Every structure is written in C-alpha cells, then in structure tokens.
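S.K.: this one's structure only:
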C-alpha cells in the first residue's frame, strides 16, 4: 500500500530535536458480492478505508505511534431496548431507541479502530484494536499466502475461527511483545468492559530458516470471556506451523483446544483446526483453506474458502473470493465476491 506524507512536525526539546510524522493511506473496493441469503441475489459492493498513521521518537530513542482506521472510527451506532410497559421480560410491547455512538471518537473505553504503541529496547507495548497474545503467536489458516477478497469470503465460512477469545468484551487489548532473533514472546490483557471477565493470554513464536524455506511455529494460551455468552470464562490453547518456500508456495496448519466453563449446554467450541495453502507467481496469487469446529454438544461445523488475485500494478488488484460451509445446525451457505481493490 502506498503511503503519503500528510504532515511532518519538528518537536524541539531542550536536549535536542525529534521528528514526528503523520501518514495517510487508503483503500477502496468495488465489485459485486453474494451473501448466500435465500431470496437475495448478488449486490453491488463498495467500501472505502482511510487510515492515519502517526509515529515519533523521543530524544532518548523511545519510539511511539498510533493509528486510526476511519472506516471504524465512528460508525458503530448502538441501541437500547426500552420496556414501555414496565414489565420485565415482556418484549412484545418494547421499542428501541438510539442511545449513543461507539468508536474512536465516541467512547474512550472502546478501541474503535485505534491502536497506540510505545517501543524500545525493552520490547513493544500496544493498546487498542490489536491481537491478543494467542492470536499474535498463531498463523491462521486464512493468512497462509492469502491475497484476500473484497468481502472476505474465504475467511467467513462456518468452519473458520480466526480471532479466538479476542474482543469477547469490548475488544480493548493491551499487549506486550518482545523479539530476539528468531524468537518472540507476548503477553496480553483483554479489557473486561466492566463485566468482571478480564482475559489473559501468552504466546510464543519461533522461525526456522532452512535455506530457501522458512518455517514459522506458534504456541499460545488464552482465557477470557466466553464467546457464546460473554459473561463466563473460556480457555483456548493453540499451535500452528507454516512453511514458506522460495518457489512461492506456502502451507500451514493450525489447531486449538477449547475449554468452555459453561459445558455442553451453551454449545461452546471444543476444538478447531484449519489447513491453508497459498501460491504466488508473478502478478497472480491464489489461496485455499479448510476448517472444522467441533462443539461441546457433539455437533460440528466445517467449510472451505478460496481467494484469487491478479495484480494490475500501481495499487490496483482484481480479487475473487468464495466460501462454502455448513453450520452445526446443518445450515449450508456459500458466498462469493468479485471486484477491484485499490490501494493509495
């Protein structure tokens, strides 16, 4: 993605001079997509994403920065249901009214597409819309050589899990990570949003260079609010391994074991696995992944996704995506999208 220097401000201190930069980048997408909903045909798809990235450095060499995604910055309008009759539990005569706006500019307790970091020889501390330590450590099946699609069809099927327990409350995450050569470690805290279920995670990365082939290994553990009800606790332990060859071929596998304290009653995940493969040659890239989720109640969901892209140069790329899956309830759904991704 191209980045344009939006502003450069010299910060002068008594002991010297530091420079802070603000960069503006953007992406626009246009095309068609089909959400796989009965009775609905393919529709037009448009999306614009603008990101401000701000970086600076203190006189002592401490790096700092922040980014805000204006696509998410102030677009989450939430509603509150009002019990008009005053009878608790009776929703037949209730009405809903808009009560506020979340996002980076509307609620300081919500990440809203914002990340802020401080970096030094001690490592990096990041807060906001960022990965927890487990997700940081693992390579998702959908990230193995994936050129992407405009509607994310390849990572939206029923068998795909990507975020683990991140954001089960409000998505506000604090992560510390440190890397030394091929080894990396991270710990994180997931904000509880006032519900008492603070999440914790730890993750490890290790990269092996075999001379033309790079193998990335990941291991992590996370516990936090259950994804099914957001109030009780759940745990996930995961591993991943991805090999990237000089030929442009990438292959990866990821597995996570889940423990949901609600047991089988809530249908929480028991385990998930994913396999991804990607290949790139010249301007053409293609990716495929398969995933399966097993639940505590003995049911399972699975699916696969495909993405292909052709780079036209200058930041313009043709994208195609397809996803197909079956939920634990036996509902089958397939989606597709085709269009242009334009990076500025």
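M.R.: Yes, it's here. No experiment lies behind these values; they were computed from the predicted model shown.
S.K.: show me what residue 47 is bridged to.
M.R.: Beta-bridge partners recorded for residue 47 (DSSP bridges): residue 29.
S.K.: same thing with residue 273?
M.R.: Residues in beta-bridge contact with residue 273 (DSSP bridges): residue 255, residue 292.
S.K.: what's the pLDDT at it?
M.R.: Residue 273 is assigned a predicted lDDT (pLDDT) of 96.
S.K.: OK, contacts around it?
M.R.: 253-256, 291-292 (Cβ atoms under 8 Å, 6 or more residues apart in numbering). For the C-beta atoms, the positions are set from N, CA and C on the backbone; glycine is no exception.
S.K.: turn those residues into a markdown table, including neighbour count, pLDDT and distance to residue 46.
M.R.: Formatted as a markdown table, the contacts of residue 273 follow (neighbours: other Cβ atoms under 10 Å; pLDDT from 0 to 100; distance: Cβ to Cβ, whole Å):
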| residue | neighbour count | pLDDT | distance to residue 46 |
| --- | --- | --- | --- |
| 253 | 17 | 98 | 35 |
| 254 | 26 | 97 | 32 |
| 255 | 16 | 96 | 37 |
| 256 | 22 | 94 | 35 |
| 291 | 26 | 96 | 28 |
| 292 | 19 | 95 | 33 |
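S.K.: which among the residues you listed gets closest to residue 309?
M.R.: residue 291 (20.6 Å; Cβ to Cβ).
S.K.: what about the helices in the stretch 51-200 of the chain?
M.R.: With DSSP state H, counting those that start in this stretch as the criterion, the stretch 51-200 of the chain has helices at 133-137.
S.K.: where along it do the strands fall?
M.R.: Secondary structure of the stretch 51-200 of the chain (DSSP state E, counting those that start in this stretch): strands at 63-69, 77-82, 95-101, 114-120, 123-128, 173-180, 183-190, 199-209.
S.K.: partner strands of the fourth one and their direction?
M.R.: Strands adjacent to strand 114-120 in the sheet, as given by DSSP bridges, are strand 63-69 (antiparallel), strand 123-128 (antiparallel).
S.K.: can you check the longest one too?
M.R.: Looking at strand 199-209 with DSSP bridges, its paired strands and their directions are strand 183-190 (antiparallel), strand 213-225 (antiparallel).
S.K.: thinking again about what came up before, for the strands of the stretch 51-200 of the chain, give me TSV that also has mean pLDDT and distance to residue 269.
M.R.: Formatted as TSV, the strands of the stretch 51-200 of the chain follow (pLDDT from 0 to 100; distance: least, Cβ to Cβ, whole Å):
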stretch	mean pLDDT	distance to residue 269
strand 63-69	93	28
strand 77-82	39	26
strand 95-101	41	30
strand 114-120	94	27
strand 123-128	95	26
strand 173-180	96	20
strand 183-190	95	17
strand 199-209	94	16
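S.K.: and residue 143, which of those strands is closest to it?
M.R.: strand 199-209 (13.5 Å).
S.K.: the closest one: how far from the chain's middle?
M.R.: Computed by Cα atoms, centre = their mean, to the nearest Å, the separation of strand 199-209 from the middle of its chain amounts to 17 Å.
S.K.: same check, this time on stretch 61-70
M.R.: Taking mean C-alpha positions (Cα atoms, centre = their mean), stretch 61-70 and its chain are 18 Å apart.
S.K.: repeat that for stretch 233-250.
M.R.: 15 Å.
S.K.: pretty sure residue 287 sits against residue 306.
M.R.: Yes - Residue 287 is within contact range of residue 306, at 7.1 Å (criterion: Cβ atoms under 8 Å).
S.K.: what is in contact with those two at once?
M.R.: residue 154.
S.K.: so what's residue 205 up against?
M.R.: 136-137, 179, 183-185, 216-218.
S.K.: residue 163: neighbour count?
M.R.: 14 (other Cβ atoms under 10 Å).
S.K.: and the pLDDT for the closest residue to it other than its chain neighbours?
M.R.: In space, and not counting its chain neighbours, residue 163 is closest to residue 135: 6.2 Å by Cβ to Cβ, 6 or more residues apart in numbering. The score at residue 135 is 93. That number is its pLDDT.
S.K.: residue 15 now?
M.R.: 41.
S.K.: what's the answer for residue 153, then?
M.R.: Residue 153 is given a pLDDT of 96.
S.K.: how close does it get to residue 41?
M.R.: 16 Å (Cβ to Cβ, to the nearest Å).
S.K.: the more surrounded of these two?
M.R.: Neighbours of residue 153 and residue 41, each counted by other Cβ under 10 Å, are more numerous for residue 153; the result is 27 against 7.
S.K.: list the contacts for residue 310?
M.R.: 283-285, 317-318.
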